[in-house]
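>>> I'll drop the sequence and a predicted model, then ask my questions.
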Amino acid sequence: MQPRDLSAHVPYEAGRGIEETARELGVAPEELTKLSSNESAWGPSPKAVVAIREAATSVHAYPKASHTDLTAKLADQFDVADDQVWLANGGDGALDYLARALLAPGEAVLVSDPGFAYYAMSARFHHGRVRSYPLSKSDGFTQRADNVLEHYDGERVVYVTSPHNPTGTEMPLSEVAALADGTDEETLVVVDEAYAEFSESPSAVELVRERDDVAVLRTFSKVYGLAGCRLGYALVPEDWADAYARVNTPFAASELACRAGIAALDDEEHVRKTVEGSREACEYMYDNLDCRTFESHGNFVLAEVGDGTRVFEAAKREGVIVRDTTSFGLPECVRITCGTPAMTERAVDVLNEVV
């Protein structure tokens, strides 16, 4: 037998890993600087590390109490009800829960181009169709409601990424509200705020509290440095109280992940250090890269280098791993994650040599 027809499904292309690159180049992993996956160069909170160690002896039990505790903590932080918090195994898991809750077979979603690939992947996994709206390099990838609405045709879900990956731009809260106002009553606007902690702009959670057609996606993978734990969540409209139990994968957010998440939320100093370090890295890249860069509100910078694949390969040979954004629809660019000062300086030096 064979699996069903998967020809419409495109594999997800992750940032190049440090171990696989080390094997390919025949060097030790510590000789490489990886700035390709928007992971935190400052790692997890020490409090989260302690929490993981302390929870290690209890992983034989399902994470019922920790799941409840983290849900309540997030609900309190964002001033929503507990049942508006949908915990998942990463932001991708939360996207899948939203697709399960919303998409009937054949219904469509609207995503940005360029943009994060998993929105479309998740929709197709759930037998949905995918349409796109463009973001233009000519205006700095500005995100406006009228541009999205110009391409809107009654899709069930409209995805907005703010800050946007890989460009770093934001959609102001007023524009998100205008977008929700301009779509049908049965359309949900999902605002992916995976990088929101790096931004000073207000969260769209404000709209989740006020209306029933906006949801927000967040993750512990970026500013909290817990990408390997796989922990994310959606903040959904108040009327959706009964839906989570019907669509979530039981215990998908693990005991270790939940305990680490609880501890990470308590370490505001580590978050502050990570945000400040990322902003300093962005400024260094703006000032020192010998190519066009785009202002970013995330922990990365998009740089126009002419031939992204060539520059990626050349930088890799010199021990610096960045993200070729060809898979995002930007073959002329690379994306550089914010690193520590030493990491960022090395990346800039190498990129200036190979561009």
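Cool, the structure landed. Numbering: from 1, shown residues only.
>>> pretty sure residue 111 is in a helix, no?
No: if the criterion is DSSP: H, G, I helix; E, B strand; the rest coil, then residue 111 is strand and not within a helix.
>>> how many other residues sit next to the residue lying closest to residue 251 once chain neighbours are set aside?
Once flanking residues are discounted, residue 251 sits nearest to residue 62: 5.0 Å by Cβ to Cβ, 6 or more residues apart in numbering. All C-beta spots, glycine's among them, are computed from the backbone N, C-alpha and C. Look at residue 62: counted by other Cβ atoms under 10 Å, it has 12 neighbours.
>>> so which strand or helix has residue 62?
Assigned by DSSP states H and E, residue 62 falls within no helix or strand.
>>> contacts for the helix or strand containing residue 190, please.
Element membership for residue 190, per DSSP H and E: strand 188-192. Applying Cβ atoms under 8 Å, 6 or more residues apart in numbering, the external contacts of strand 188-192 come out as 91, 95, 98, 102, 116, 119, 156-162, 171, 176, 179-180, 183, 204, 207, 213-217, 234.
>>> tell me where the stretch 51-200 of the chain has strands.
85-88, 108-113, 129-134, 157-161, 188-192 (DSSP state E, counting those that start in this stretch).
>>> name the residues of the second one that are buried.
Put plainly, it is strand 108-113. Of the residues in strand 108-113, 108, 109, 110, 111, 112 count as buried by neighbour count, 16 or more other Cβ atoms under 10 Å.
>>> any idea of the angle that strand forms with strand 188-192?
Put simply, strand 108-113 runs at 30 degrees to strand 188-192, going by axes from the mean of the first three to the mean of the last three Cα atoms, to 10 degrees.
>>> could you list the low-pLDDT ranges of this protein?
13, 15-16 (pLDDT under 70).
>>> how is it partitioned into domains?
18-44+268-354, 46-265 (automatic domain parsing).
>>> format those domains as TSV; extra columns: distance to residue 10.
Listed next are the domains of the chain as TSV, based on distance: least, Cβ to Cβ, whole Å:
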stretch	distance to residue 10
domain 18-44+268-354	9
domain 46-265	7
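>>> looking at those domains, which is closest to residue 5?
domain 46-265 (11.3 Å; Cβ to Cβ).
>>> list the contacts for the closest residue to residue 150 other than its chain neighbours?
Residue nearest to residue 150 in three dimensions, not counting chain neighbours: residue 133, with 7.4 Å by Cβ to Cβ, 6+ apart. By Cβ under 8 Å, 6+ apart, residue 133 lies in contact with 110, 111, 112, 113, 147, 148, 150, 151, 152.
>>> so what's the fourth one closest to, chain neighbours aside?
For residue 113, the nearest residue in space outside its immediate sequence neighbours is residue 132; the separation is 4.1 Å by Cβ to Cβ, 6+ apart.
>>> kind regards, and thank you for your time.
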